[in-house]
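Peer 1: Return atomic coordinates for the entry below.
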Amino acid sequence: MTCKETEKLIPPFLMDDLDTDDLREFMEHIDECDDCKEELTIQFLVTEGMMRLESGNVFDLQNELKFRMDKAEHTLKVRESMQWFLYALEGLVGVALITLIALLIFL
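Peer 2: Predicted structure coming up:
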């Protein structure tokens, strides 16, 4: 993923609106690219900071961004685990179907 593509995904990331593939590529790029990590930090600080200032809430945006990044990493792992589980389940259903057809043919 390029920096330009990553920067376009920052707003959807901040709204927790990326699909699994985009989230995986986004997180990998952010981990490796200091420029994009800085851009993410700036956009997060501006977006969240303005909302917090308007509402008068106290905030610690640096820790909140870290929390969001950790949460996104956890979400990605859960989604990928579920995807592997579904692949395995599809395989088991296929084996069961083949077994059932073989039993019906030979009985």
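Peer 1: need the next SSE after the lowest-mean-pLDDT helix or strand in the chain, C-terminal direction.
Peer 2: One helix or strand of the chain scores below all others by mean pLDDT, DSSP states H and E: helix 34-55, with a mean of 86. Moving toward the C-terminus from helix 34-55, the first helix or strand encountered (DSSP states H and E) is helix 61-106.
Peer 1: From Ile98, how far out is the closest residue to Leu40 other than its chain neighbours?
Peer 2: On the basis of Cβ to Cβ, 6 or more residues apart in numbering, the spatially nearest residue to Leu40 that is not a chain neighbour turns out to be Ile10, at 5.4 Å. All C-beta spots, glycine's among them, are computed from the backbone N, C-alpha and C. Distance from Ile10 to Ile98, counting by Cβ to Cβ, to the nearest Å: 47 Å.
Peer 1: who's more crowded, these two?
Peer 2: Set side by side, Ile10 and Ile98 show unequal neighbour counts under other Cβ atoms under 10 Å, the larger going to Ile10 at 19 against 10.
Peer 1: can you tell me how far that one sits from Arg79?
Peer 2: Counting by Cβ to Cβ, the gap between Ile10 and Arg79 amounts to 20 Å.
Peer 1: With that, I have no additional questions.
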